[in-house]
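> Below: sequence and its predicted model.
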Amino acid sequence: MAAMKKLNKVCFLVAMEQESAPFIAALGLKKRSTSGPAPVIVHEGTYKGAAVVVYNPGMSDGKSLVGTDFATLATFLAAERDAPDLFVNAGTCGGFAKRGGAVGDVYCVSSFQHHDRRVPIPGYDAMCVGKRAAVAAPRLVEALGAKTGPCTTGNSLDCSPTDAEIIDASGAVCKDMEAAAIAWAAELTGTPLLGIKVVTDIVDGEHPTQDEFLANLAKASDSLQGVLPKVLDFVVDKTLAEL
């Protein structure tokens, strides 16, 4: 029955306020008053008759809270407070030249997993990698002209040799710091999940990741603003089966 339900309440989970700000402004979403110890920041409004909510994990000392801990908390709170029909993890990522990635590329993610949770004990190994599928959305991929492939998640911006080996084995085309954790929380709450990513840096490129990320963050955030309304246009009032 879930596959036949119309999607009319969409929640965007975005790690950094800089990534979400152009989208929030373009849709005229309003900040919601929140209470409790969690630092999440929520904006809400409507778009073409659909309810739209954007959750950011929050800020500390003027910096966005990035990483899996904060992403998991924001996802659970969003599911509990808003019960959306669809989660969209939208944000920036690292790409890979060896797999055809370039700065500015847009990906609609096909699956999620971790690359930095290494527990070589039978049963624990697969659980810690935590591979989960995204909502199948071949028509959305075509409509956006997006690339697609797996996204891999870790809690560090850099990429150690061990991480690189695991990522290469996974065939991942995107590297981020939240998506696989969001996928776990979404699965537990029974909420379908899409991943929309824009490449800010090339992990296997010639420039230091942190320099390339900072140089391209504003441009990638503007690119997200261009893509995310198109995602809304496509998914609103459709069923999962129609994506």
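Sure, I can see it. Everything quoted here is computed from the prediction, not taken from an experiment.
> how about the helices in this structure?
All helices of the chain, identified by DSSP state H, fall at 17-27, 68-82, 124-129, 138-144, 161-170, 179-188, 209-235.
> In a markdown table, list the ones you listed along with distance to Val106, mean neighbour count and mean pLDDT.
Where you see a C-beta, it was placed from the backbone N, CA and C, and this is true even at glycine. Listed next are the helices of the chain as a markdown table, based on distance: least, C-beta to C-beta, whole Å; neighbours: other C-beta atoms under 10 Å; pLDDT from 0 to 100:
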| stretch | distance to Val106 | mean neighbour count | mean pLDDT |
| --- | --- | --- | --- |
| helix 17-27 | 13 | 19 | 92 |
| helix 68-82 | 20 | 20 | 96 |
| helix 124-129 | 26 | 13 | 94 |
| helix 138-144 | 6 | 15 | 96 |
| helix 161-170 | 20 | 15 | 94 |
| helix 179-188 | 15 | 24 | 97 |
| helix 209-235 | 6 | 18 | 90 |
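> for those helices, which one sits closest to Asp105?
helix 209-235 (9.5 Å; C-beta to C-beta).
> elements contacting that closest one?
strand 9-13, helix 17-27, strand 86-95, helix 138-144, strand 193-202 (3 or more C-beta pairs under 8 Å, 6 or more residues apart in numbering; DSSP states H and E).
> Which one, of those, ends up nearest to Leu77?
strand 9-13 (10.2 Å).
> and that closest one, how far out from the chain's middle?
From the chain centre to the centre of strand 9-13 is a distance of 11 Å (C-alpha atoms, centre = their mean, to the nearest Å).
> and it, what does it pack onto?
strand 50-56, helix 68-82, strand 86-95, helix 209-235.
> between these, which gets nearest to Thr189?
So among the helices and strands packed on strand 9-13, helix 68-82 is nearest, using C-beta to C-beta, at 3.8 Å.
> For that closest one, enumerate the helices and strands it packs against.
Using 3+ C-beta pairs under 8 Å, 6+ apart, helix 68-82 is in contact with strand 9-13, strand 50-56, strand 86-95, helix 179-188.
> pLDDT averaged over the second one - what is it?
If I follow you right, that is strand 50-56. For strand 50-56, mean pLDDT rounds to 97.
> so that strand versus helix 17-27, what angle?
Relative orientation of strand 50-56 and helix 17-27, computed by axes from the mean of the first three to the mean of the last three C-alpha atoms, to 10 degrees: 160 degrees.
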